[in-house]
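Colleague: Quick one: sequence and predicted model below, then my questions.
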Amino acid sequence: MHLAISLNIAAADGQDVLDFGQITALVRNAEAAGVDMVIISDSADKPSSSPFEATTLLAALATVTDKIGLVASASTLAHQPYNLARRFASLDIIGHGRIGWNATTAQTPREAANFSRPEGFSDDDFRRRAWEFINIVRLLWIGWEHDALLFDKASGRFHDPDKMHPANFTGEFFSVRGPLNVARSPQDVPVLVMSGLAGTELDFASRRADVVLLDKLEPSGAIATRDEIKRRAHEAGRDPVTIKVLAMADAGPEHDGRSLEDLCLSSGCDGIVLTVQPRAAALEAFVERLLPELKRHEFAKAQPGKTLRDRLGLSEDSEP
């Protein structure tokens with residue numbers, strides 16, 4: 001079973017603002033307990049403050065950890081595909097292949113107003129735009145073959161042109177030439193995580209996502225959604241084993257190692273994501289009480305390997 005932690009560092013008025021030391025301590029303790037990955041987000045629907053931007057925080061966390069996967073949430077509304085693809089590709093080199101992108105596909109009025117779209121998008125337009133965005137990022141990630149960059153000063157050859165594949169993408173919302181000016185990821189491409197999905201979004205996720213997070217569903221609902229995702233993946237010509245489905249649960253006092261193990265087994269999912277509240281007391285309780293319980297029950301059993309793909313048992317994904 002796989003185990004992940006989700007931490008939203010955005011703090012509303014009157015709430016704790018976590019500092020880097022507190023976040024680092026949580027992540028390093030999670031790594032020691034065998035947690036597969038930590039997912040960092042920094043946004044909220046209501047006015048909030050955050051000490052760090054999530055992807056920047058990942059770069060710092062990558063330098064103080066060795067094994068744990070590091071995933072940042074980033075909206076398709078708040079970025080351009082080229083810049084975001086480049087950022088995550090660079091992060092994955094810094095983290096030696098331990099990076100993932102949680103592609104958030106829900107728009108909020110506050111975010112839209114901050115990025116030149118005060119009126120937002122219609123739900124259908126936003127969905128099509130998000131899918132186009134994600135497809136472009138994936139194309140950019142595979143723009144260079146692994147041995148394409150030569151850096152041969154003697155011959156004056158920077159790269160092998162036969163191993164460079166520009167995206168040359170022109171769509172409804174974006175036009176991107178490519179390739180990235182960043183080398184290929186150590187794990188082929190960063191891990192693509194998707195969450196908060198419903199309806200037609202499940203179809204897209206079943207074709208593109210490496211990991212799907214099910215938002216606090218009861219076991220019967222989790223099983224039905226997992227089966228639907230796997231079925232659609234199979235119909236799209238994809239091996240259903242290559243997509244991991246994780247159910248989400250609160251890391252509150254109502255749970256211990258045994259109950260979380262039972263929850264995961266009853267959900268039929270590949271593991272769970274524990275949501276930790278961004279308060280100093282909640283982090284302390286999680287580290288001192290729940291992490292030792294999870295370790296004692298040998299909840300997380302990571303597969304061997306150095307990258308996040310290795311850890312989750314995911315194959316390389318070079319398909320556009």
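Modeller: Cool, got the structure. Quick caveat: nothing in here was measured; it's all calculated off a predicted structure.
Colleague: use CA for all of it now, contacts and neighbours both
Modeller: Noted.
Colleague: Look through the protein and tell me its longest helix.
Modeller: Among the elements of type helix in the chain, defined by DSSP state H, the one spanning the most residues is helix 123-141.
Colleague: how about the helices in the stretch 201-320 of the chain?
Modeller: Listed from the start of the chain, the stretch 201-320 of the chain has helices (DSSP state H, counting those that start in this stretch) covering 219-235, 257-267, 280-285, 291-296, 308-312.
Colleague: Dump the ones you listed to CSV, plus mean pLDDT.
Modeller: What follows is those, written out as CSV (pLDDT from 0 to 100):
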stretch, mean pLDDT
helix 219-235, 89
helix 257-267, 85
helix 280-285, 92
helix 291-296, 87
helix 308-312, 94
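Colleague: Pick the most deeply packed of those helices.
Modeller: helix 308-312 (a mean of 23; mean count of other Cα atoms under 10 Å).
Colleague: got any ranges where the stretch 101-250 of the chain has weak pLDDT?
Modeller: Confidence mapping of the stretch 101-250 of the chain against pLDDT under 70 gives the ranges 109, 112-113, 116, 118, 150-152, 156, 158, 216-217.
Colleague: shouldn't Gly34 be in contact with His297?
Modeller: No - counting by Cα atoms under 8 Å, His297 is not a contact partner of Gly34; they are 11.3 Å apart.
Colleague: Comparing the two, which shows the higher neighbour count?
Modeller: When Gly34 and His297 are compared for neighbours, Gly34 comes out ahead with 21 against 14, by other Cα atoms under 10 Å.
Colleague: Next, count neighbours for the closest residue to that one other than its chain neighbours.
Modeller: If the residues on either side of it in the chain are set aside, Gly34 comes closest to Ala300, at 5.7 Å by Cα to Cα, 6 or more residues apart in numbering. Residues lying near Ala300 (other Cα under 10 Å) number 19.
Colleague: Enumerate every residue touching Ala300.
Modeller: Neighbouring residues of Ala300 by Cα atoms under 8 Å, 6 or more residues apart in numbering: 1-3, 34-36, 294.
Colleague: Which pair of these spans the longest distance?
Modeller: Farthest apart among those by Cα to Cα are Asp36 and Leu294. That separation is 12.4 Å.
Colleague: burial of Thr275, as a residue count?
Modeller: Using other Cα under 10 Å, the number of residues around Thr275 comes to 19.
Colleague: Across the sheet, point out what pairs with it.
Modeller: Ser6, Asp250 (DSSP bridges).
Colleague: check contacts around it.
Modeller: Shown here is Thr275, whose contacts under the criterion Cα under 8 Å, 6+ apart are 5-7, 248-251.
Colleague: Next: Thr242.
Modeller: Residues touching Thr242, when contacts are defined by Cα under 8 Å, 6+ apart, comprise 210, 314-315.
Colleague: Let's see that with 6 Å instead.
Modeller: With Cα atoms under 6 Å, 6 or more residues apart in numbering as the criterion, the residues that contact Thr242 are Leu314.
Colleague: Quick check: it vs Val212, distance?
Modeller: Noted for Thr242: a distance of 11 Å to Val212, by Cα to Cα, to the nearest Å.
Colleague: cool, Leu265 as well?
Modeller: According to Cα to Cα, Leu265 stands 17 Å off from Val212.
Colleague: Repeat that for Ala233.
Modeller: Taken as Cα to Cα, the spacing of Ala233 relative to Val212 amounts to 12 Å.
Colleague: now Cys269
Modeller: 10 Å.
Colleague: repeat for Ala130
Modeller: Relative to Val212, Ala130 is positioned 16 Å away (criterion: Cα to Cα).
Colleague: now do Gln22
Modeller: With distances defined as Cα to Cα, the gap from Gln22 to Val212 amounts to 28 Å.
Colleague: Identify the residues contacting Glu288.
Modeller: For Glu288, no residue counts as a contact, taking Cα under 6 Å, 6+ apart as the criterion.
Colleague: And the pLDDT for it?
Modeller: pLDDT, the model's per-residue confidence, is 94 for Glu288.
Colleague: Also Ser43?
Modeller: Model confidence at Ser43, given as pLDDT, is 78.
Colleague: Please list all residues in contact with it.
Modeller: Ala10.
Colleague: related to what we said a few turns ago, could you save the helices of the stretch 201-320 of the chain as JSON lines and add columns showing distance to Pro179?
Modeller: Listed next are the helices of the stretch 201-320 of the chain as JSON lines, based on distance: least, Cα to Cα, whole Å:
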{"stretch": "helix 219-235", "distance to Pro179": "28"}
{"stretch": "helix 257-267", "distance to Pro179": "41"}
{"stretch": "helix 280-285", "distance to Pro179": "41"}
{"stretch": "helix 291-296", "distance to Pro179": "42"}
{"stretch": "helix 308-312", "distance to Pro179": "23"}
